[in-house]
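[1] Dropping a prediction and its sequence here:
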Amino acid sequence: MNSRERVAAAMRHAIPDRVPVMCQVALGHYFLHSVCAPADIWFDSEVFVRTLAEFQQRYRFDGFLINVPGRPADWRTWLREQRRENGRQVLTWHDGLVTTFPPDDNAHTTQADGGDLQRADPARVDPTDPGTYRVPGYVWNTWHAPTLFDVPADAELTNPAAYPDWLTRSLRLAREACPEVSIHVEVFSPLTHLLELFGYQPALLALLDSPQLCHQLLERFTHMVTAMVQCYGPHQPDAILISSAFAGAGFISREMYREFVVPYERRVVAAIHEFGVPAYTHTCGAIGDRLDLMAETCLDGIDTLDPPPLGTVDLARAKAEFGSGLFFKGNLDAVHEMLYADDAGFRQAVLDRLRIGKPGSGYVLSSACSVAPRVSPQRLMMLSELADEYGRYDSR
């Protein structure tokens, strides 16, 4: 059974040869351990896919997530300058924005004077006028780029035809280069779009103070997300992940989750299912109190499942209550069990997850959230070694 078949079986509750292994690796980990420059990994689709494939092979993972959209091949023409400053790579764009790459973290884009990027003002946004909410801060945090490059400012992004061909470039390159690997692609949830539009504190206040405005924007963002799904779907992703990182109990209540997340993510899931591929959601932190609500969106699986102290998910309980209908990916504490634990503690944590997750299939061994940048490569290699030895579905 190859890697693509193995993950497909686990996601569909069929019995694979062994528990698949597939961690989302933090971009900072690639920056630390790749020979490629951070800006090239971040902005060059070919370099990005080569890096994903290289680390997938290095760690013997069964798949990887394309969590950065494709880029135009000529993205460098939007640059005014590249330089090194205090050990960091710094890009200055023609529009004056500056993107800085820490050695072990995601890129950060600021205004020319170092100030934060503009966010939309809830008091001034008109949901029917994209010009009132298509601002650099919003673009940056949902496209992972400081600009939409050659996308016209008035493009109707609820229409799949408005998206440039390069949007799907990373997925197409990966599918061609790695035909036997499980390749997943990411879209942002409508709620994530709302939070990034206003900034987190103003957005959370808007949910309380201006719920009608939020619903209008969530409706529009749902059309945008499903349009992106329609762009990705024809290019054979093995699954589509809905990144809804900030929908846990640390941000919103169960009641708010039911009102502001469930109806919109349900429609995104339905759009994904039109292409016959699994849909799953990535939500960080405390989600143990809302697994039932997540299941109401009709998704196929849940990613992260942070255990205490980072989250509130007990894998055994989650599997007993929801494992017949959902696959689970994660539950290894990326900080306490993967980064800071000693070798014996790390090994025991992995064996515990295999023991709980393996029965009946429906489990992908993974870090809960992204692998912390400074987790050692040797430790990541151990994941597949332990899955080979203890995660097989045979007589052993």
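    Done, it's in.

[2] Low-confidence ranges, this structure, go.
    140-141, 395-396 (pLDDT under 70).

[3] Would you map the strands across the stretch 151-300 of the chain?
    In the stretch 151-300 of the chain, the strands defined using DSSP state E, counting those that start in this stretch lie at 182-188, 239-243, 279-283.

[4] Format the ones you listed as JSON lines; extra columns: mean neighbour count.
    No exception for glycine: its C-beta is placed from N, CA and C like everyone else's. JSON lines is the format used below for the strands of the stretch 151-300 of the chain (neighbours: other CB atoms under 10 Å):
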{"stretch": "strand 182-188", "mean neighbour count": "25"}
{"stretch": "strand 239-243", "mean neighbour count": "23"}
{"stretch": "strand 279-283", "mean neighbour count": "25"}
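
[5] Any chance of TSV for those, columns distance to Met294?
    As requested, those are exported to TSV (distance: least, CB to CB, whole Å):
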stretch	distance to Met294
strand 182-188	16
strand 239-243	10
strand 279-283	6
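
[6] Met11 is nearest to which of the ones you listed?
    Within these, the stretch nearest Met11 is strand 239-243; the backing value is 6.4 Å (CB to CB).

[7] just how off-centre is the closest one within its chain?
    7 Å (CA atoms, centre = their mean, to the nearest Å).

[8] let's number from 652 now, not from 1
    Okay, using 652 as the starting number, the last item reads as strand 890-894.

[9] For it, enumerate the helices and strands it packs against.
    strand 833-839, helix 862-883, helix 913-924, strand 930-934 (3 or more CB pairs under 8 Å, 6 or more residues apart in numbering; DSSP states H and E).

[10] Any chance of JSON lines for these, columns distance to Asp755?
    Shown next, in JSON lines, are those (distance: least, CB to CB, whole Å):
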{"stretch": "strand 833-839", "distance to Asp755": "21"}
{"stretch": "helix 862-883", "distance to Asp755": "29"}
{"stretch": "helix 913-924", "distance to Asp755": "31"}
{"stretch": "strand 930-934", "distance to Asp755": "21"}
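
[11] quick one: which of the ones you listed is nearest Arg826?
    strand 833-839 (6.0 Å).

[12] Pull the residues that contact that closest one.
    By CB atoms under 8 Å, 6 or more residues apart in numbering, the residues outside strand 833-839 that reach it are 654-655, 657-659, 671, 673, 713-718, 793, 822, 825-826, 847, 876, 879-880, 883, 888-895, 919, 933.

[13] In its sheet, which strands sit next to that strand, and in what direction?
    strand 714-717 (parallel), strand 890-894 (parallel) (DSSP bridges).

[14] nearest to Ser1017, of those?
    The nearest among those, by CB to CB, is strand 714-717 at 9.8 Å.

[15] helix or strand right after the closest one?
    strand 730-736 (DSSP states H and E).

[16] and Arg655, what does it touch?
    Counted by CB under 8 Å, 6+ apart, Arg655 has contacts 713-714, 830-834, 889.

[17] Determine which two of the residues you listed are furthest apart.
    Asp713 and Pro830 (13.6 Å).

[18] Same drill for those two, tell me which one is more crowded.
    More neighbours surround Asp713 than the other of Asp713 and Pro830, with 28 against 11 (other CB atoms under 10 Å).

[19] That one and Val1001: what is the separation?
    15 Å (CB to CB, to the nearest Å).

[20] ok, back up a step: wait, which of the helices and strands packed on strand 890-894 is closest to Pro773?
    Between Pro773 and the helices and strands packed on strand 890-894, the shortest gap by CB to CB is with helix 862-883, which sits at 6.4 Å.

[21] Show me what that closest one is packed against.
    Counting contacts by 3+ CB pairs under 8 Å, 6+ apart, helix 862-883 is packed against strand 833-839, helix 841-849, helix 851-860, strand 890-894, helix 905-911, helix 913-924.

[22] Save those as CSV, and put in distance to Asp957 too.
    Below are these laid out as CSV (distance: least, CB to CB, whole Å):
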stretch, distance to Asp957
strand 833-839, 18
helix 841-849, 17
helix 851-860, 18
strand 890-894, 15
helix 905-911, 16
helix 913-924, 19
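
[23] Can you tell me the closest non-neighbouring residue to Ala724?
    Leaving out its chain neighbours, the residue that sits closest to Ala724 by CB to CB, 6 or more residues apart in numbering is Trp817, at 7.2 Å.

[24] ok, the one you found to Tyr784 distance?
    Computed as CB to CB, the Trp817 to Tyr784 distance reads 23 Å.

[25] which of those two has more neighbours?
    More neighbours surround Tyr784 than the other of Trp817 and Tyr784, with 22 against 19 (other CB under 10 Å).

[26] Could you name the specific helix or strand carrying the nearest residue to that one once chain neighbours are set aside?
    Excluding its sequence neighbours, the residue lying closest to Tyr784 (CB to CB, 6+ apart) is Ala771, at 4.7 Å. Counting by DSSP H and E, there is no helix or strand that carries Ala771.

[27] circling back to that earlier point, tell me the contacts of the residue nearest to Ala724?
    Applying CB under 8 Å, 6+ apart, we find Trp817 in contact with 696, 721-724, 800.

[28] Reformat those as JSON lines; add neighbour count.
    Putting the contacts of Trp817 into JSON lines (neighbours: other CB under 10 Å) gives the following:
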{"residue": "Ser696", "neighbour count": "23"}
{"residue": "Gly721", "neighbour count": "23"}
{"residue": "Arg722", "neighbour count": "24"}
{"residue": "Pro723", "neighbour count": "19"}
{"residue": "Ala724", "neighbour count": "12"}
{"residue": "Phe800", "neighbour count": "17"}
